[in-house]
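S.K.: sequence first, predicted model second:
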Amino acid sequence: MNFRCWRRIKIVPGVTLNLSKSGASLSLGPRGAHYTIGHGAVALLYCAQARTQARTQDRAQALRALGLHTAVRDLCTKALGRARRLAPELIRAYRYQRALCYEALGHGGRLRTELERIFASAPDYEDVAARLGLEEGVPDAQHA
């Protein structure tokens, strides 16, 4: 079995010094796409993070289609735990999946909270306004 020994040292935001038994390298740029200089080469690396996030979203939809709402809730909650690294569209998608699970599990309060969070960031997302009982972004109380 091989063991990898390495250490990452953050110098400033976006600049990291990588130390390993084979030498040192310097990474410049944000997570997901960065330049690595060292080990006798210069490389431009793109992380597979976007593909992984898309697979997680597909897995959540498949589990929901199978009626495994608790598993979807747990999957979305875990993914949202890494929300700082997620694109806003993906955060909304995970929240929406989790809201649909709360609806299926009979958790009305949590359902409403999730839908309100989605509505606050994107009022026209999917059917969130209709599920909240709003018409074109205006509460029902103002129509009366």
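M.R.: Yep, that arrived.
S.K.: use CA for all of it now, contacts and neighbours both
M.R.: Fine.
S.K.: give me the helix or strand of the chain that scores worst on average pLDDT.
M.R.: strand 41-46 (a mean of 53; mean pLDDT, DSSP states H and E).
S.K.: mind giving me the packing neighbours of the next helix or strand after that one?
M.R.: Proceeding N to C from strand 41-46, the next assigned helix or strand is helix 49-65, under DSSP states H and E. Applying 3 or more C-alpha pairs under 8 Å, 6 or more residues apart in numbering; DSSP states H and E, one finds that helix 49-65 makes contact with helix 69-80, helix 88-105.
S.K.: quick one: mean pLDDT for helix 49-65?
M.R.: Across helix 49-65, pLDDT averages out at 77.
S.K.: quick check: angle from it to helix 88-105?
M.R.: Per axes from the mean of the first three to the mean of the last three C-alpha atoms, to 10 degrees, the angle that helix 49-65 makes with helix 88-105 is 20 degrees.
S.K.: quick one: buried residues of helix 49-65?
M.R.: By 16 or more other C-alpha atoms under 10 Å, the buried positions in helix 49-65 come out as 56-57, 60-61, 63-64.
S.K.: ok, and what's touching that helix?
M.R.: 32, 69, 71-72, 75-76, 79, 90, 93-94, 97, 101 (C-alpha atoms under 8 Å, 6 or more residues apart in numbering).
S.K.: outline the domain layout of this structure.
M.R.: 6-46, 49-142 (automatic domain parsing).
S.K.: give me every residue that touches Phe119.
M.R.: 125, 128-129.
S.K.: repeat that with 10 Å
M.R.: 92, 113, 125-129, 132, 137 (C-alpha atoms under 10 Å, 6 or more residues apart in numbering).
S.K.: neighbours of the nearest residue to Ser20 once chain neighbours are set aside, how many?
M.R.: Distances taken as C-alpha to C-alpha, 6 or more residues apart in numbering place Trp6 nearest to Ser20, at 4.2 Å, with adjacent residues excluded. For Trp6, the count of nearby residues is 12 (other C-alpha atoms under 10 Å).
S.K.: and Trp6, how far is that from Ala104?
M.R.: 45 Å (C-alpha to C-alpha, to the nearest Å).
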